[in-house]
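Novice: Here is my input, please return the structure:
(one chain, ligands or ions: 1)
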Amino acid sequence: MHSILAGATGTTWVEGRRDAGFEISPDTVVREIERISPDLVFLCGPNNPTGTGLGLDTIRAAYDATDGIVFVDAAYAEFMPTDEENALSLLPGRERLIVSRTMSKAFAFAGARVGYMAADPAVVDALRLVRLPYHLSALTQAAAIAALAHAGEMLAMVDEIKAQRDRIGRELPALGFSPWPSEANFVLFGGVADPDRTWADLLERDVLVRNLSIPNTLRVSAGTEAETSEFLSALAGVGGAAA
Ligand SMILES: Cc1ncc(COP(=O)(O)O)c(C=O)c1O
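Specialist: Have a look, this model is predicted:
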């Protein structure tokens, strides 16, 4: 969606390259910024669809390597390890840094279409001038404020989802698959011989995963303990790990 939205606003979009294992080291981010020379650096952490975390050292290195805006899409921040500092802690003193979040994931409130960002007040003011019109209705904003007032209940599932995500990561290797470490609410796993086939076989057992056309991978969202058990036993039933 980010590349599509950039296109719709006449903004050139250039993809950077991640390291092996989908990480972005500080050296890599600096090298990519020097290669592309962008006005705006867009980093996704934790990343979708890989779940890969984004180190604060990488964000700092990106910020120091550009005179432009550094935008961190932290849609999955609530699923990060709680002992890890998140990108918000980097805002003081970095007036070109923007951190965005959404109520679609941890708040399970995707239908409301509420995203938000934290940044220096001057950046927020500038964005008010260029944002697309009609982006958030008054009703949506009222619903978001009500949801925030009940953040405890709205976020109640986060710990269970994180536990089930970690369980998926622990149990998939025994079925012959190789999960990548995830700080989001899903797990990307490799070692799938024929992702289209395994996707269809799982669907036949009422389990819907995502096939994002990354060779030999599928992505599964963590759910409740019962849903996760159903996914794991369905996958054990259909098999499909590369030899
Ligand atoms: C990394 C990332 N950012 C943003 C979004 C969009 O969230 P929203 O529902 O607020 O548009 C998604 C949705 O999948 C996402 O994966």
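Novice: Next, count neighbours for Asp166.
Specialist: Counted with other CB atoms under 10 Å, residues neighbouring Asp166 total 15. Where C-beta positions appear, they are placed from N, C-alpha and C, glycine not excepted.
Novice: you'd agree it is in a helix?
Specialist: Yes. Assigned with DSSP: H, G, I helix; E, B strand; the rest coil, Asp166 falls within a helix.
Novice: Show me which residues of this protein sit near the ligand.
Specialist: Cys44, Asn48, Asp73, Ala75, Thr102, Ser104, Ala110, Gly115 (CB under 6 Å from any ligand atom).
Novice: Pull out the buried residues from those.
Specialist: Cys44, Asn48, Asp73, Ala75, Thr102 (16 or more other CB atoms under 10 Å).
Novice: Might you report the residue contacts of the third one?
Specialist: Contact partners of Asp73, counting by CB atoms under 8 Å, 6 or more residues apart in numbering, are His2, Phe42, Leu43, Cys44, Gly45, Ser100.
Novice: same deal with Leu208?
Specialist: Leu202.
Novice: what's the spacing between it and the ligand?
Specialist: Per CB to the nearest ligand atom, to the nearest Å, Leu208 is found 15 Å from the ligand.
Novice: What of Ile33?
Specialist: Per CB to the nearest ligand atom, Ile33 is found 20 Å from the ligand.
Novice: Counting neighbours, what do you get for that residue?
Specialist: Applying other CB under 10 Å, we find 20 residues neighbouring Ile33.
Novice: phi, psi of the closest residue to it other than its chain neighbours?
Specialist: Take Ile33 and drop its neighbours on the chain: the residue closest to it by CB to CB, 6 or more residues apart in numbering is Ala65, 4.4 Å away. Main-chain torsions, Ala65, degrees, to the nearest 10: phi -90, psi 0.
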